[in-house]
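A.B. asks: Got a predicted structure plus its sequence, pasted below:
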Amino acid sequence: MKEYYAARAKEYDQIYAKPERQTDLRLIERWLPSRFEGARVLEIAAGTGYWTQFIAPVAASVLGLDSSVETLHIAQTRPNNARAQWLVGDAYALPASRELYDAAFAGFWFSHIPLARQKEFLLGLNKTLISGARVVMLDNLYVEGNSTPLTEPDPEGNTYQIRKLADGSSHRVLKNYPNEFDLCKLVAPFGLQPTYTQWQYFWAFEYVLR
């Protein structure tokens, strides 16, 4: 996964140029900032900083973490991200901090987590947050005829896509599509006020840490 996104860095933002998704994207770009106004935000899998640029202007601070230095280099060039800080790191081993965050965002990351590690990731994320912190995850819906087709699931139930890059290389990428019930069940032991929002091509899920 790390190697794939490093190789894809320069062409990653093409995904946001798909004509049929523009209405959804404009709606989400207006919806997202209000979740983080005045907050100290930890962003997981910040990538090229596309979503950071809508969060950073209203947040008290943003730390964007990603495993790929190539994508973070792009994130740093966006004018609206000037106040954000960046860190190359592992989403499953988040760095300890003297000061806990009061919000977290993960855009288009949760779908890449193996089913067996979803709880592990969320528990690790929760340790970086204060009680009452808001967690927001944004990701893709599977839309027949528009989304990249899925391959047969593995024995654990994970699904995959075969993705091709401009250099002609093919990559088998884990891509799961959780539903609202799956997400609510997963966060029930530690999350309050779960909220699921759906657009035509995307979903968002929020909870407040107990």
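C.D. replies: Everything's here; your move.
A.B. asks: ranges for the strands of the protein?
C.D. replies: Using DSSP state E, the strands assigned to the chain run over residues 40-44, 61-66, 85-88, 101-107, 129-140, 160-164, 170-174, 191-198, 202-209.
A.B. asks: So the residue of the chain most remote from its centre versus Phe205, what's the distance?
C.D. replies: Distance from the centre of the chain peaks at Gly168, with 26.0 Å (CA atoms, centre = their mean). Distance, Gly168 to Phe205, by CB to CB, to the nearest Å: 36 Å. (Each C-beta comes from the backbone N, C-alpha and C, glycine too.)
A.B. asks: pLDDT of stretch 31-45, averaged?
C.D. replies: Across stretch 31-45, the average pLDDT comes to 98.
A.B. asks: Over to stretch 140-149?
C.D. replies: 97.
A.B. asks: Any idea which residue is closest to the centre of the protein?
C.D. replies: Closest-to-mean residue, the chain, CA atoms, centre = their mean: Gly107 / 2.0 Å.
A.B. asks: Roughly how far does that one sit from Tyr142?
C.D. replies: 17 Å.
A.B. asks: so what's Leu32 up against?
C.D. replies: Trp51, Phe54, Ile55, Val136, Leu138 (CB atoms under 8 Å, 6 or more residues apart in numbering).
A.B. asks: cutoff 7 Å now
C.D. replies: Taking CB atoms under 7 Å, 6 or more residues apart in numbering, we find Leu32 in contact with Trp51, Phe54, Ile55.
A.B. asks: Kind regards, and thank you for your time.
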